[in-house]
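# How does the following fold in three dimensions:
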Amino acid sequence: MILKSVREIEDFVRGLTFFGTGGGGDYSSGVSTLSDLLNKGIEIGWVDISEIDDNDYTICPFLMGSIAPLTEETLNEMKIFGLENPMYDYKDTLSRAVKNLEERTGTKAKALVPIELGGANAAACIAASAINGIVTVDGDYTGRAIPEIQQTTPFIFEKNLMPITTCDAWGNLCCIDEAINWRMAERIGKLISAAAYSACGEAGFLMTGKDTKEILVKGTMTESYEIGKKIREEREAGNDPINAITDHLKGWVICRGKVTDKDWWDKVGYYWGTHTITGEGNFEGSKVKIWFKNENHIAWKDDKIIATSPDMIIVVNNKTGEPFTNNKIEVGQEVAVIGLKARDVFRLPRGIETLGPRAFGFDVDYTPIEELI
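Got it, this is the predicted structure:
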């Protein structure tokens with residue numbers, strides 16, 4: 001599929017942001033990145049994985065860092081290290097990381113694979129492939145957004161991660177050649193990104209087309225475009241986009257109401273916090289609290305758990321259906337909370353192990369959302 005207009009780009013990035021479950025990068029960043037390429041006459045889109053030969057190589061580029069807002073104190077601190085005028089934007093850091101990985105491994109990638117669905121991350125992957133003159137495949141390694149590198153299908157199916165190359169917005173290049181386990185690879189990569197105040201692109205998961213086909217969550221670029229388009233079309237037709245999209249995806253509306261409390265902090269390259277939504281209308285008298293680490297991972301309704309990762313907890317504008325990343329949620333906003341089933345692969349034991357509530361330190365066993373609802 002080729003995106004041929006700004007409206008199609010907006011639909012696509014809207015869908016990516018929806019499946020980003022509060023993380024995955026800003027909608028506006030993704031739209032801006034792809035629109036700039038479109039205006040330059042550069043073709044942007046994706047291909048079916050069947051178009052990649054088994055012996056071809058794929059690489060997965062990904063943005064690493066927190067989506068927390070930069071405070072005035074942080075901006076002043078950045079000046080000390082000469083980090084005032086970035087040389088590269090997100091797509092360029094990914095493009096350079098990919099080239100660095102190719103040079104270090106003596107390979108040439110035929111295609112790039114997004115690590116996750118998210119307004120900035122997947123869009124930046126597509127932009128990086130366009131810049132490098134290769135393609136992006138129709139799929140990703142999570143079917144949502146995730147905060148840690150091991151919360152992916154390559155980990156579930158024990159594929160190769162290393163080496164990981166990195167490039168930040170000022171051109172600092174690094175390579176993680178080896179790590180004792182995936183969590184340490186995540187930690188090292190995150191600390192590299194934290195050194196650059198989260199303006200960092202990385203590349204890894206070098207593997208053959210054959211291996212990629214075995215573990216890809218297929219069709220998620222097309223699905224994101226279709227969902228983003230449906231939200232817009234339902235809204236333009238005067239319908240309730242929240243009910244329409246929830247019915248279409250066989251999900252649940254957990255709550256509709258107003259954000260009444262927000263607590264957040266930035267720590268070791270992650271954006272942590274909680275949002276409290278007080279129900280209104282049909283949900284009056286109920287209260288939902290959502291805990292996030294970049295993305296939404298556990299929700300309580302009236303102090304009882306109603307949903308946890310790997311199932312998806314998505315917050316959207318209560319009227320327009322536009323999805324929110326967590327850094328854009330503010331007290332006073334009218335929102336709806338949607339719950340969706342996880343991709344099947346993440347309901348396997350190893351998927352639950354890496355993305356269930358215990359992976360985030362909660363002493364709670366995973367229960368499928370349809371049972372909790």
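# contacts and neighbour counts: CA atoms only from here.
Noted.
# Pull up the pairing partners for whichever strand in the chain runs longest, direction included.
Looking across the chain with DSSP state E, the single longest strand is strand 252-267. With DSSP bridges as the criterion, the sheet partners recorded for strand 252-267 are strand 270-279 (antiparallel), strand 334-340 (antiparallel).
# elements contacting the helix or strand following the shortest one?
This points to strand 334-340. Sequence order places helix 349-355 as the next helix or strand after strand 334-340, per DSSP states H and E. If you count contacts as 3 or more Cα pairs under 8 Å, 6 or more residues apart in numbering; DSSP states H and E, helix 349-355 packs onto helix 153-156.
# Against which helices or strands is the following helix or strand past the helix it packs on packed?
As assigned by DSSP H and E, the chain's next helix or strand after helix 153-156 is strand 164-168. If contacts are counted by 3+ Cα pairs under 8 Å, 6+ apart, strand 164-168 sits against helix 90-105, strand 173-176, strand 200-208.
# how about the strands in the stretch 51-200 of the chain?
In the stretch 51-200 of the chain, the segments counted as strands under DSSP state E, counting those that start in this stretch are 57-64, 109-112, 135-136, 139-140, 164-168, 173-176, 200-208.
# With mean neighbour count added, can I get the ones you listed in TSV?
Listed next are the strands of the stretch 51-200 of the chain as TSV, based on neighbours: other Cα atoms under 10 Å:
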stretch	mean neighbour count
strand 57-64	28
strand 109-112	24
strand 135-136	27
strand 139-140	28
strand 164-168	27
strand 173-176	17
strand 200-208	26
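# would you list those strands in TSV and tack on distance to residue 280?
Below are the strands of the stretch 51-200 of the chain laid out as TSV (distance: least, Cα to Cα, whole Å):
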stretch	distance to residue 280
strand 57-64	37
strand 109-112	44
strand 135-136	42
strand 139-140	36
strand 164-168	44
strand 173-176	49
strand 200-208	40
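# re earlier: ok now the longest strand of the chain, how far from the chain's centre?
Taking Cα atoms, centre = their mean, to the nearest Å, one finds strand 252-267 lying 18 Å from the centre of the chain it belongs to.
# what's across from residue 271 in the sheet?
residue 266.
# what about it, how many neighbours?
22 (other Cα atoms under 10 Å).
# ok, it touching residue 294?
Yes: if you go by Cα atoms under 8 Å, residue 271 and residue 294 touch, sitting 4.8 Å apart.
# Which neighbours do those two have in common?
Common contact partners of residue 271 and residue 294 (Cα atoms under 8 Å, 6 or more residues apart in numbering): 66-67.
# and residue 191, what is it in contact with?
Contacts of residue 191 by Cα under 8 Å, 6+ apart are 268-269.
# right, I mislabeled it, should have said residue 128
91-92, 94-95.
# Let me have the residues you listed in CSV, extended by distance to residue 148.
Output for these, formatted as CSV (distance: Cα to Cα, whole Å):
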residue, distance to residue 148
91, 20
92, 22
94, 17
95, 21
